[in-house]
Every structure is written in C-alpha cells, then in structure tokens.
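In: no sequence for this one, just the structure:
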C-alpha cells in the first residue's frame, strides 16, 4: 500500500471513530410510553406516575400516549412494529399477556415477543355489581344469576378481566353475556345505572364507587384480602378454586431492543419507583408490588402467560 492509500485509509478510519464519538447519548429525545387503555383508569395513573419519575432520571420527557381498543391489542401492536431504538415503549397490562391466547385477532402470538424492561405492581381485579342489584355476596349473586330468565350482562374491556370472570362462571355454572368496552371509564356509567349487571374491574377503579354506596364488591382475585378493604373476601374465600390472577404492569419495548438501552431504561424505572410521589400514587390506586429487573420481568411474564394457557386449555375460553 503506498503512502497516499495509507493516508486515505487512516483518514477514513479517523472520521469513522469521530462519528462514533459524536453519536448522541441515549436518550436524545422524548420517549413515548404507550398505554393500551383509555386515559383516566388506574393503569393510566400508574403509567403517568412512572413516566414522571423516569423523565426526571433520563433527562428527556417520557410522554404517555393512550392507544385503547382491540382488547389492549391496538396499543401493543403499535409497539410491536416500532423501531427498536428505545423511543417507543409499551405499558403492558396483564391483559396483554392473555390476549393472544384468548383472541385470534391479537397482533402477536406471545408476550415474549416484546423486550422486557421492568415491571411494577398490577391491578387487583374485583367482581362488582351495581348497589341496586339484590346481591351483597358472591353466593347471593350466583343465586340471582341462576334465577334470571336470561344471562346477566357483563361489562368487559380486556383479557385479564375476562379470565377472572371465566373463573367465576366455571366455578358456579353461571352464564354471563360479554358486553365490550374500551375501558373502565367508558363502562362505569352503564354499570352504575344497572344497564349492565356485573363487571370485573381494577380495585382502584371500583373503590370510590364502593365507598359512595353505588357499587357492591363481591370478591377480589388476590391471594389475601386487601388491607384497605378488610371486609371484602378473596374470590378463593368466596368459593372460586382457581389460582388468583398473576398481575403486573410490564414496561416492554419492541423486539430486539438493544441491551444497553434496556439497562438504561431499567435504571430509570427503578429510580422512579423509589420517589415518595410515586409511592403515594400507588397507595391511592391500591397497586402493590415492587419494581422488577428485566430478567425478573421476563420470568413473571412467562409465569403469567402459562396461567392463561392453562385456563384456555381447561375451559376453551375465547373473546372472539
């Protein structure tokens, strides 16, 4: 190689190294955190609290974008096909885990297609009825449903609520007609007025109406009673033998999200959940659960998925 050629190669190499050094550190712009439910519900509140804390740690704004519909599939599908650069994330619900096993319309076949970043506590799902319904316990509700000349109408908006309702139906042999909604805020007026007779809803969405005497809470899918609601039984106590729903909010990215970006986001999530403001909001929403690492998040996603797989295998349940 002559001196001119060597000089050209050396110059090109130097320019390449300079260009690498000039690459902006991640993140270099705002990040979208897509929530697959409408604004105003407990999951939306949790996402906004997390986004605020992550913004402070990352130095770039984390913007919550609500993309409801498709039983949480529309928002998830948008993240699945996004560029894996760390600027589009999904605040997935337990429902996103179950969706591909309950619906052929799901845009993905397994939650494992997404890149796990972090997990925080999820929504405890509770069976509720309008206070006007003559049922103050699950046993009374079952008796009322069996005496009804036609199936009671059940409000529904995602797969996790469908699984809990399916567990109740299977345990007691009651038929409930599914009425779809985009989210709990859209369902609530019909439920409060008795136009639908029952729903499975996040405890945080239900409690204000329970305390106001407009809803009756019959039981919750959790291993032990909620401290703030000591008189409300678990569904197991009320006679549902199925295991409590594994629930969490999963922060995930598109497939093939680079490991260094995952690590940076995981650190930001960890810091966000330690703030007094975040903890206070979780207490208000009655969301309990520690933040989890990417590896722990992956494991919890798989555990939750197996619960849906087993449920569908045993019952043949579908929401199509």
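Out: Nice, I can see it. Fair warning: this is a prediction, and the values are worked out from it, not measured in the lab. Numbers count the residues shown, from 1 in each chain.
In: residue closest to the middle of the protein?
Out: residue 93 (1.2 Å; C-alpha atoms, centre = their mean).
In: my read: that one touches residue 43, true?
Out: Yes: assessed by C-beta atoms under 8 Å, residue 93 is found in contact with residue 43 at 5.7 Å. The C-beta positions use only the backbone N, C-alpha and C, and glycine is treated the same way.
In: what is in contact with these two at once?
Out: Common contacts of residue 93 and residue 43 (C-beta atoms under 8 Å, 6 or more residues apart in numbering): 37, 123, 249.
In: Dump those into CSV; add pLDDT, distance to residue 87 and neighbour count as well.
Out: Output for the shared contacts of residue 93 and residue 43, formatted as CSV (pLDDT from 0 to 100; distance: C-beta to C-beta, whole Å; neighbours: other C-beta atoms under 10 Å):
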residue, pLDDT, distance to residue 87, neighbour count
37, 94, 21, 27
123, 91, 27, 29
249, 97, 20, 23
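In: Now intersect the residues you listed with the strands, please.
Out: residue 249 (DSSP state E).
In: closest to residue 273 among the shared contacts of residue 93 and residue 43?
Out: Distances from residue 273 to the shared contacts of residue 93 and residue 43, taken as C-beta to C-beta, are shortest for residue 249 (11.0 Å).
In: now the closest one: how far from residue 160?
Out: Residue 249 sits 11 Å away from residue 160, going by C-beta to C-beta, to the nearest Å.
In: what residues are shared contacts of those two?
Out: Contact criterion C-beta under 8 Å, 6+ apart; residues shared by residue 249 and residue 160: 93, 123.
In: hmm, back to that, in contact with the residue nearest to the centre of the chain, which residues?
Out: 36-37, 43, 72, 122-123, 158, 160, 249-250.
In: what sits up against the lengthiest helix in the chain?
Out: When the chain is parsed with DSSP state H, its longest helix is helix 294-315. Defining contact as C-beta under 8 Å, 6+ apart, one finds that helix 294-315 is touched by 94, 97-98, 101-102, 110-112, 116-119, 159, 163, 166-167, 170, 242-243, 245-248, 250-252, 262-263, 266, 292, 317-318.
In: With adjacent residues omitted, what lies nearest to residue 279?
Out: residue 273 (7.7 Å; C-beta to C-beta, 6 or more residues apart in numbering).
In: For that neighbour, give me its contacts.
Out: 50, 53, 120, 279, 290-291.
In: returning to that earlier point: pLDDT check: weakest of the contacts of residue 93?
Out: Among the contacts of residue 93, residue 158 carries the lowest pLDDT, at 87.
In: Which phi and psi values does it adopt?
Out: phi -160, psi 170 (degrees, to the nearest 10).
In: and residue 25, how many neighbours?
Out: Neighbours of residue 25 under the rule other C-beta atoms under 10 Å: 7.
In: Tell me, what's the model's pLDDT at it?
Out: 92.
In: now it: how far from residue 86?
Out: According to C-beta to C-beta, residue 25 stands 11 Å off from residue 86.
In: ditto for residue 218
Out: Following C-beta to C-beta, the distance that separates residue 218 from residue 86 is 43 Å.
In: before we move on, the earlier item: mind giving me CSV with the shared contacts of residue 93 and residue 43 and columns for distance to residue 222?
Out: As requested, the shared contacts of residue 93 and residue 43 are arranged in CSV below (distance: C-beta to C-beta, whole Å):
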residue, distance to residue 222
37, 20
123, 10
249, 16
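In: hmm, back to that, so which of the contacts of residue 273 is the most crowded?
Out: Using other C-beta under 10 Å as the neighbour test, the contacts of residue 273 are led by residue 50, with 27 neighbours.
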